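> here is a sequence with its predicted model. Questions after.
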Amino acid sequence: MLRQQDVGHRIVVRRVVGLRDGRPLFTDALGELVELSESHLTLATAQGRLRVPVAEVHRAKRVPPTRRPTAAAVIELELAADEAWPAPVQGRLGDWRLRAAEGWTGRANSALPVGDPDRPLPAALDAVQRWYAERGLPPLVNTPLPLAAPVGAELDARGWDGRPPVLVQTVPLAALPPAAPQHAGPPVELAAAPSDDWLAVAAGRKGGLPDAARHVLTAVEQVRFAHVYADGTLLAIGRGTVTGPGRWLGLSLVEVLPEARRQGLAGRIVRALVDWGVAAGASRAFLQVEQRNTPAVALYRSLGFTTHHTYLTRTPPP
């Protein structure tokens, strides 16, 4: 049966739709799983959204995507994402990236094992552990899948665990739906630097902002910070970057305060950052979202984002 880590992936569902001569009648549905609860699952199919009661499901499983990205495509996107979230302390192990930012976020405090580490895999992972130990940080390894499957297998053998899976989703900017007509409401303001209010909201979401966090957020050549104010109160934020040879627009920290949700503010922030990204030369957008965050996955699915690949942040045994 399906699990929460299947959200955001392509699945096939066989469901019972009736009986004939005492035998069940089945029909199959193929699409992206956008929501999974104890009572229902929801697919985005070529014909639209389909909500299926779990009681009607005879069998369901994940199936391969219509086309797997090449290793080169995964590496290109991972390096653009690394550039968009730059750790203040960085090292190299052959082609592998080593990153540290006072422990602020897994992405900025983990090894990125893409390319050749210039040594056998076990020795490379030993070197990763030493590098982080020298900086007083726990060793973390971000494993893009299936690219880094051999790294994951070695970590499995060492007893490493993993944080919740993350979907790396993309969309060609030309394929995004047009912006909805603007209704009366607060505008989305873009700035080259975050306001103190913006940083306070980000700190609330990420559990504080050490000095290294400000570097991660701002040390990108092309970056914009989205603010939505109403009556002097900040209601929503977002961040956009343009990085990499492929001119990727990276979207991050799209956050709406609880009292302002369900008003379309997140979608408006994304649209404003997309317009800025296009003007800055971007042709594609990416974002990273935990697959268990079903409201966000559903929002990005409605905007045309699909899963390019996934990654796991691997953690050492206690």
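Happy to help now that I have it.

> identify the residues contacting the spatially closest residue to Leu121 that is not a sequence neighbour.
Distance criterion CB to CB, 6 or more residues apart in numbering; nearest residue to Leu121, sequence neighbours excluded, is Glu154 at 5.4 Å. C-beta coordinates here come from the backbone N, C-alpha and C atoms, glycine included. Counting by CB atoms under 8 Å, 6 or more residues apart in numbering, Glu154 makes contact with Leu121, Pro122, Leu125.

> would you list those residues in CSV and tack on distance to Arg239, secondary structure and pLDDT?
Below are the contacts of Glu154 laid out as CSV (distance: CB to CB, whole Å; DSSP: H, G, I helix; E, B strand; the rest coil; pLDDT from 0 to 100):
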residue, distance to Arg239, secondary structure, pLDDT
Leu121, 34, helix, 97
Pro122, 37, helix, 97
Leu125, 32, helix, 98
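
> buried among those residues? Make that a PyMOL selection.
PyMOL command restricting the contacts of Glu154 to the buried ones, with burial defined by 16 or more other CB atoms under 10 Å:
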select buried, resi 125
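
> list the buried residues in the helix or strand hosting Val13.
Val13 belongs to strand 10-20 when assigned by DSSP states H and E. The neighbour-count criterion (16+ other CB under 10 Å) identifies Arg10, Ile11, Val13, Arg15 as the buried residues of strand 10-20.

> before we move on, what about stretch 125-139?
Leu125, Ala127, Val128, Trp131, Tyr132, Leu137, Pro139.

> returning to that earlier point: now the strand holding Val13, how far from the centre of its chain.
Between the centre of strand 10-20 and the centre of its chain there are 30 Å (CA atoms, centre = their mean, to the nearest Å).

> okay, buried residues for stretch 257-269 please.
For stretch 257-269, burial by neighbour count (16+ other CB under 10 Å) applies to Ala260, Gln263, Leu265, Ala266, Gly267, Arg268, Ile269.

> again with stretch 153-162
Residues Glu154, Leu155, Trp160, Gly162 are the ones in stretch 153-162 that count as buried (16+ other CB under 10 Å).

> contacts only, for the second one.
The one in question is Leu155. Contacts of Leu155 by CB under 8 Å, 6+ apart are Leu125, Val141, Thr143, Arg314.

> doesn't Val151 make contact with the second one?
Yes. Between Val141 and Val151 there is a contact under CB atoms under 8 Å: 6.7 Å.

> so those two - more neighbours on which side?
Val141 (28 against 24; other CB atoms under 10 Å).

> for beta bridges, what are the partners of that one?
Assessed by DSSP bridges, Val141 has beta-bridge partners Ala111, Arg314.

> for Trp85, what are its contacts?
If you count contacts by CB under 8 Å, 6+ apart, Trp85 has them with Thr105, Arg107, Ala108, Val216, Gly250, Ser252.

> hmm, I was thinking of Glu259
If you count contacts by CB under 8 Å, 6+ apart, Glu259 has them with Leu235.

> next: Val228.
Val228 neighbours (CB under 8 Å, 6+ apart): Pro186, Pro187, Val188, Glu189, Leu234, Leu235, Ala236, Ile237, Ala260, Leu265, Arg268, Ile269.

> cool, Val220 as well?
Glu83, Ala84, Pro86, Thr241, Thr243.

> can I get those in TSV with neighbour count?
Putting those into TSV (neighbours: other CB atoms under 10 Å) gives the following:
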residue	neighbour count
Glu83	17
Ala84	25
Pro86	18
Thr241	27
Thr243	23
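
> mind listing which of the residues you listed are in strands?
Secondary structure from DSSP state E places Thr241, Thr243 of the contacts of Val220 in strands.

> before we move on, back to that, tell me which two of the buried residues of stretch 125-139 sit farthest apart.
Using CB to CB, the buried residues of stretch 125-139 reach their maximum pairwise distance at Leu125 and Leu137, which is 15.4 Å.
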